[in-house]
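Participant: Everything below, folded, please.
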Amino acid sequence: MKRIEMILIVVLLIMPGFTGFAQETGEAEALPFSAISLSWSVEEMQDIMDWQEEAKFLFTGDMMFHMPQIEGAKRSEGGGYDFSYSFSAIESMVLGVDLAVANLETTLSGERIPYRGYPQFNTPDEAAQAIKAAGFDVLMTANNHSVDGGKQGLLRTLSVLDDLGFQHTGTKMAMDEAVLIVEVKGIRVAMINGTYGLNGLESYLTAEERVDLIRMIGDGARIEAEIGQVQDKVDFVIVLPHWGQEYQRQPSSQQKKLADRWFDAGADAIIGSHPHVIQPMEWRENGQFIAYSLGNAISNQRERAGKPAYWRFTEDGVLLLMTLSRNPWTDETEIAELRAQPTHVERNWTGEKWTHRIVPASPDDLETKQSWERTKEQVPGDQDSQNLSEIVMNV
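Facilitator: Residues are numbered from 1 along each chain as shown. Next up, the predicted model:
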């Protein structure tokens with residue numbers, strides 16, 4: 001039972017006692033709040049209970065498209081590409097929330113340059129179409145591959161996303177607002193995405209464009225200032241940094257310093273990307289939450305011959321399910337529930353090409369068990385007794 005329902009029921013139960021006390025002592029009227037409470041109709045009470053807004057969000061990690069994925073998505077007839085299979089196993093979860101967010105770690109630079117994977121990504125537009133069809137609403141676009149296709153590639157990526165109806169944060173057209181503010185079920189949330197660097201391709205943008213078109217993290221001061229600028233305009237602030245050291249399962253000292261700085265500035269949650277492995281999630285004493293890295297959502301990275309042993313962690317990802325609740329009396333918004341659904345990147349050879357798919361991981365499934373257990377090591381919570389693959393975090 002929600003807190004507001006309990007309060008109303010308790011008030012109604014004790015009101016007759018207060019009224020009787022007033023009559024026995026000769027007071028002319030009942031206490032004001034009892035008269036107001038008793039005058040509410042059932043419909044009015046329900047309206048007040050419904051006033052407590054609640055919105056469900058989903059976040060996931062790095063969406064990367066290496067050449068085996070691009071070749072695997074190529075249609076055998078008719079031309080073009082179809083990436084829908086990559087998201088088919090998680091589509092119901094993504095569509096089941098109010099707003100879904102992912103990190104797009106590639107560019108949509110078009111056919112002026114070849115489609116390619118690492119080290120300078122360029123992915124067919126059909127990948128973004130499949131992400132949209134799977135139910136994702138917001139994409140983070142500031143990362144170390146943002147200018148892999150040059151300035152033109154950065155701008156074309158945004159144009160394609162706009163045409164598909166995505167909202168995005170991190171890179172932008174020069175005239176766009178710097179901070180993305182979304183309103184979901186009456187709750188206004190600011191999303192601030194930035195990147196630590198551009199893989200040495202910073203010269204593709206002028207100094208002015210590195211401010212106008214993309215958010216660079218630097219020493220953290222820019223994001224700190226933007227938190228302060230939007231705090232009074234929104235109910236909740238989420239920082240989405242592209243940061244840390246690749247393949248390291250623990251956050252760096254720099255990540256910790258930046259997190260402290262942004263939390264002190266007023267951030268309510270920090271959800272990171274870039275390391276390609278899952279890093280720890282933590283609660284702070286005042287209700288602030290951080291997930292240092294959500295790992296890979298989809299990629300061709302994995303444990304295999306010729307790769308370091310730590311690459312096995314690149315097969316792991318997580319769907320982070322966050323419920324925000326806004327209290328109508330205090331006007332405060334807080335995290336009401338957090339769940340983690342571990343995921344695994346399934347990779348199969350058909351005899352002709354590789355297929356890649358994000359699949360929910362389970363401790364009872366031989367194919368995905370290791371991904372589930374490795375993710376559980378980084379998530380503070382308990383296995384859901386009904387939905388056995390989900391981890392419920394202690395809120």
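Participant: which regions of this structure sit below the pLDDT cut-off?
Facilitator: Within the chain, the stretches with pLDDT under 70 are 1-42, 44-52.
Participant: got the domain boundaries for it?
Facilitator: Here the domain assignment for the chain is 3-49, 53-393, based on automatic domain parsing.
Participant: Mean neighbour count for those domains - can I get that in TSV?
Facilitator: Where C-beta positions appear, they are placed from N, C-alpha and C, glycine not excepted. Listed next are the domains of the chain as TSV, based on neighbours: other CB atoms under 10 Å:
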stretch	mean neighbour count
domain 3-49	12
domain 53-393	19
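Participant: so the residue most central in space within the chain bridges to which residues?
Facilitator: Residue closest to the average C-alpha location in the chain (CA atoms, centre = their mean): Phe59, at 2.5 Å. When bridges are called by DSSP bridges, Phe59 pairs up with Val101, Leu320.
Participant: Report the contact partners of it.
Facilitator: Ala100, Val101, Ala102, Ile271, Ala291, Leu294, Leu319, Leu320, Met322 (CB atoms under 8 Å, 6 or more residues apart in numbering).
Participant: for Arg357, same thing?
Facilitator: With contacts taken as CB under 8 Å, 6+ apart, Arg357 has the following neighbours: Tyr85, Ser86, Phe87, Ser88, Ala89, Ile298, Val345, Glu346.
Participant: where does it fall, helix, sheet strand or coil?
Facilitator: Each residue gets one of three states, and Arg357 gets strand by DSSP: H, G, I helix; E, B strand; the rest coil.
Participant: and the gap between it and Asn143?
Facilitator: 23 Å (CB to CB, to the nearest Å).
Participant: and if you look at Leu320?
Facilitator: 18 Å.
Participant: Then Arg249?
Facilitator: On the measure of CB to CB, Arg249 and Asn143 end up 20 Å apart.
Participant: same question, Ile223
Facilitator: 15 Å.
Participant: now the helices for this protein?
Facilitator: With DSSP state H, the ranges of helices along the chain come out as 3-24, 32-39, 42-50, 67-73, 91-95, 125-133, 150-164, 209-212, 221-230, 253-265, 369-376.
Participant: which residues does Asn144 contact?
Facilitator: By CB under 8 Å, 6+ apart, the contact set of Asn144 is Thr195, Tyr196, Gly197, Leu198, Asn199, His242, His274.
Participant: what's the single longest strand in this protein?
Facilitator: strand 333-349 (DSSP state E).
Participant: tell me the strands in the stretch 101-250 of the chain, going along the chain?
Facilitator: Remark: strands assigned in the stretch 101-250 of the chain by DSSP state E, counting those that start in this stretch are 138-140, 167-169, 180-184, 187-195, 236-242.
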